[in-house]
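K.L.:
mind looking at a prediction? Sequence and model below.
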Amino acid sequence: MASATADPKACPEKKKMRWGSTLSYDSEHFYLHGKAVQIIAGSVSYYRMVPEVWDDRLAKLADLGANAVEIYVPWNMHEPYQGKFTFE
């Protein structure tokens, strides 16, 4: 069974995992603290919305039952020229 330790800074405040939380898996299930869980994810396109609404959209995603977020990073927006990075 494989596992990874959760980073509390990467979790939303509303459903923050404890430091040292363990997510593991086998061929059929994911486990959080040894308990089988179903991962329900939704996608957020941060670059298509203003930063002021990010918290609201993540909260709405959680209200729909999601416990994971998929985020596409359009790298060409953050590196318009090779070696020149912008994260504004």
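P.N.:
Nice, I can see it.

K.L.:
between the two ends of stretch 53-71, how far is it?
P.N.:
Stretch 53-71 has an end-to-end distance of 15 Å (criterion: Cα to Cα, to the nearest Å).

K.L.:
in it, what's buried?
P.N.:
Buried residues in stretch 53-71, counted by 16 or more other Cβ atoms under 10 Å: 58, 61, 66, 69. C-beta here means a position set from N, CA and C on the backbone, and glycine is covered the same way.

K.L.:
what's the helix or strand hosting the last one packed up against?
P.N.:
This means residue 69. When elements are defined using DSSP states H and E, residue 69 is found to belong to strand 68-71. With contacts taken as 3 or more Cβ pairs under 8 Å, 6 or more residues apart in numbering; DSSP states H and E, strand 68-71 sits against strand 41-44.

K.L.:
so what are the sheet partners of the strand it packs on and their directions?
P.N.:
strand 68-71 (parallel) (DSSP bridges).

K.L.:
circling back to that earlier point, name the residues that touch the helix or strand just after the strand holding residue 69?
P.N.:
Per DSSP H and E, the first helix or strand lying C-terminal to strand 68-71 is helix 75-78. Applying Cβ atoms under 8 Å, 6 or more residues apart in numbering, the external contacts of helix 75-78 come out as 47, 85-87.

K.L.:
excluding its backbone neighbours, what's nearest the most centrally placed residue in the chain?
P.N.:
Per Cα atoms, centre = their mean, the C-alpha nearest to the average position across the chain is that of residue 69, at 4.0 Å. Once flanking residues are discounted, residue 69 sits nearest to residue 44: 5.6 Å by Cβ to Cβ, 6 or more residues apart in numbering.
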